[in-house]
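*Asks:* Predicted model and sequence below, questions to follow.
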Amino acid sequence: MPSLRSLAVDTGALRSRPYRRLWTGQLVSLIGRQITVVAVPFQVYTLTHSPLAVGLLGLVQVVPLVTFSVSAGVIADRMDRRRLLLITQLCLAVCSGVLALGALRGNPPLVLIYVIVGVAAAFAAVDSPTRTAVIPNLVPRERLAGALSLNIVLFQTTLVAGPALGGLVIARLGLPVAYAIDVGTFTAALIAVALLPPQPPRGAQHEAPVAAIKRGLEFTRRQPVILGGFAMDLAAMIFGMPRALFPVLAAVTFHTGAGGLGLLYAAPGFGAVIAALSTGWVSRAHRLGRVIVVTIVIWGVAIIAFGFATAFWLGLLLLVIAGAADSFSAVCRTTIMQTITPDDLRGRLTAVYYMVVVGGPYIGDLESGAVASLTTPQISVVSGGVLSLVGLAGAALAFPAVWLYRMPHRRRGGVLPEEAAPGDPGSVLGA
């Protein structure tokens, strides 16, 4: 019977001062960012009363996301990553400021909201992969899995606190204040990034941009474990992510206001935080691919059940379970990818990963909104959960390497031996 201590997330990475500063600054900033994540669909649904209009937010974000993600990885591998993060954080703050000004106007044009959200998605496509690519340079190798788990704890904590706070702020103080809080919290992230040590590029940073993109994609193509993880996550998120329906479900099915809407957005994050805080076993586990498959099955089943829920508390509970399953899957997928990938390719691989894990839900917003507009929100949720399981089965058959994957043997304390260093595919793809 494992002890609670052995299950708890490894917090040793927080002993690194640069990592601790980055982690804390992003915690504050992303809480503000998640307030905007709730405010935008609430504003669009208030203006249109259309689930399809809310779903279109996914389309206007996924297009710049895909357009910029691959090139963003090249940028992250070719210039000082600290300087790049300062630029992207400032640009994201400006986007939130424009949304605040539009909300002050009262009824801003819908096209303005779509444009600003799309521009912010483009900057985020550069910002998020760059932040993740910095982490392996801030912590010892044996602390990498723990650092990645702590990052998921951070992100998922903001998915709880941000939406819950956002719902209350919107209900009591209004949309302009909600957006303004987001702008203010960027200060914490900017200070944390400014205090990082320089992050100059390594390796073949003098490659031509097209050649650099090609090399990153070619590396990804040769890694069936990474490709299979991408395919499984896309199936779960494109079909099984019902967040675009939360505004209409809160209003029509559960009969809650903005506060209830915030809780719907927060529930998956709450489950993910609980899961991420109990990922200490990941640094000792070897069969991470099997964990990915099993947890995505749990995700699909929980989403199907959520589609049948009529009690608000039950819907929240099922979203908590789904979020916990997704968190375990994310920790395992990220650990595998960062273990396999050499440092000079991490920006590119992390950018592709970001495109998958963020682009999938954006496409899912469009899919769920379109199906709900043609049928009902409940049918959209249930059918999406079923299709996510079908897609998982197809991906598992197409990429059996995921199920067969074993992490490299580790020395006592979780340290990777030198002969199984990250970036050596032959050392990590054995059955």
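*Replies:* Nice, I can see it.
*Asks:* which residues of the stretch 101-250 of the chain score low on pLDDT?
*Replies:* Under the criterion pLDDT under 70, the flagged ranges of the stretch 101-250 of the chain are 145, 202-213.
*Asks:* all helices for it, in order.
*Replies:* 110-134, 144-172, 175-194, 209-221, 224-240, 246-248 (DSSP state H, counting those that start in this stretch).
*Asks:* Any idea which of those gets closest to V320?
*Replies:* Closest approach to V320 among those (Cβ to Cβ): helix 144-172, 9.9 Å. Every residue, glycine included, has its C-beta placed from N, CA and C.
*Asks:* That closest one to helix 110-134, inter-axis angle?
*Replies:* Counting by axes from the mean of the first three to the mean of the last three Cα atoms, to 10 degrees, helix 144-172 lies at 160 degrees to helix 110-134.
*Asks:* Pull out the buried residues from helix 144-172.
*Replies:* By neighbour count on 16 or more other Cβ atoms under 10 Å, the buried set for helix 144-172 is 144-167, 169-171.
*Asks:* mind putting the helices of the stretch 101-250 of the chain in JSON lines, distance to L277 included?
*Replies:* Converted to JSON lines, these look like this (distance: least, Cβ to Cβ, whole Å):
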{"stretch": "helix 110-134", "distance to L277": "20"}
{"stretch": "helix 144-172", "distance to L277": "6"}
{"stretch": "helix 175-194", "distance to L277": "22"}
{"stretch": "helix 209-221", "distance to L277": "30"}
{"stretch": "helix 224-240", "distance to L277": "21"}
{"stretch": "helix 246-248", "distance to L277": "25"}
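*Asks:* for the ones you listed, which one sits closest to I336?
*Replies:* Among those, helix 224-240 sits nearest to I336 (Cβ to Cβ), with 5.9 Å.
*Asks:* helices or strands up against that closest one?
*Replies:* Helix 224-240 makes packing contacts with helix 209-221, helix 288-308, helix 312-340, helix 343-374, helix 377-398, helix 401-404 when contacts are defined by 3 or more Cβ pairs under 8 Å, 6 or more residues apart in numbering; DSSP states H and E.
*Asks:* Reformat those helices as JSON lines; add distance to G184 and mean neighbour count.
*Replies:* Listed next are the helices and strands packed on helix 224-240 as JSON lines, based on distance: least, Cβ to Cβ, whole Å; neighbours: other Cβ atoms under 10 Å:
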{"stretch": "helix 209-221", "distance to G184": "36", "mean neighbour count": "15"}
{"stretch": "helix 288-308", "distance to G184": "34", "mean neighbour count": "21"}
{"stretch": "helix 312-340", "distance to G184": "27", "mean neighbour count": "23"}
{"stretch": "helix 343-374", "distance to G184": "24", "mean neighbour count": "23"}
{"stretch": "helix 377-398", "distance to G184": "34", "mean neighbour count": "20"}
{"stretch": "helix 401-404", "distance to G184": "42", "mean neighbour count": "18"}
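*Asks:* got JSON lines for the ones you listed, with distance to L30 too?
*Replies:* Compiled in JSON lines, the helices and strands packed on helix 224-240 are given as follows (distance: least, Cβ to Cβ, whole Å):
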{"stretch": "helix 209-221", "distance to L30": "26"}
{"stretch": "helix 288-308", "distance to L30": "22"}
{"stretch": "helix 312-340", "distance to L30": "15"}
{"stretch": "helix 343-374", "distance to L30": "13"}
{"stretch": "helix 377-398", "distance to L30": "26"}
{"stretch": "helix 401-404", "distance to L30": "29"}
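*Asks:* averaging pLDDT over each of those helices, which comes out lowest?
*Replies:* Set side by side, the helices and strands packed on helix 224-240 give their lowest mean pLDDT on helix 209-221, at a mean of 70.
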